[in-house]
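# sharing a model that was predicted from the sequence below.
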Amino acid sequence: MSIDDVLEAWGVHCSVTYDLLALIPDEAMDDKPGKGKTIRSNLTHIVGVRNMCVEGTLGKSAPVGPRLDWKTADRGAIVAALEETDGHIAACLRHIDTKRKTWTAPKFLAYMVAHEAHHRSQIETALRLNGHEPDDKALYALWEWGKRTPRVT
């Protein structure tokens, strides 16, 4: 697996998050899947973990995305932060590929995808439990990775 393959997979993964976010009505941003995080806080948590990974991989002086307030961040701020951190994680993947110490680029990619997919599932559960379930066609489209264009490379 080349670094280009890893970066393409990261870009496709990122596109799923944007498509899910587009399915979330504004009034649902504070919905919860039971006692867990709200939809808004799941999304801001994704950005926060990306920032933490960037600092851990590239150092404290590395550029990171904004620190979002999990109670008040709006859709525009969340999208902007995701877009910024998409590129930062791509930079981490490139850096890791040249260093190959504890993490490899494929291993780091797998970690990031697993973490973010978990939070996307929490978001989908919150939508379902709170009466904002997207239609099946829209949800199935999230799984059509073969038809997706990477958001970042």
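It's in. Numbering: from 1, shown residues only.

# now Val49: closest residue in space, sequence neighbours ignored.
His115 (6.2 Å; CB to CB, 6 or more residues apart in numbering). To be clear about C-beta, it is placed using only N, CA and C from the backbone, and glycine gets the same treatment.

# and the one you found, how far from Asp69?
Noted for His115: a distance of 21 Å to Asp69, by CB to CB, to the nearest Å.

# more crowded one of those two?
Taking other CB atoms under 10 Å, His115 and Asp69 do not tie; His115 has more neighbours (15 against 12).

# re earlier: let me know the pLDDT of the residue nearest to Val49.
Looking at His115, its pLDDT reads 98.

# what of the one 3 residues further on?
His118 is assigned a predicted lDDT (pLDDT) of 98.

# same check on Arg100?
Confidence score, pLDDT, at Arg100: 63.

# on the three-state scheme, the residue nearest in space to the middle of the chain is what?
By CA atoms, centre = their mean, the chain has its centre lying nearest to Glu116, at 5.0 Å. The three-state label for Glu116, taken from DSSP: H, G, I helix; E, B strand; the rest coil, comes out as helix.

# residues near the residue lying closest to it once chain neighbours are set aside, how many?
Nearest non-adjacent residue to Glu116, counting by CB to CB, 6+ apart: Ile46, 5.4 Å away. Counted with other CB under 10 Å, residues neighbouring Ile46 total 23.

# next: Ala81.
Burial of Ala81 is recorded as 23 neighbouring residues (other CB under 10 Å).

# all set, thanks.
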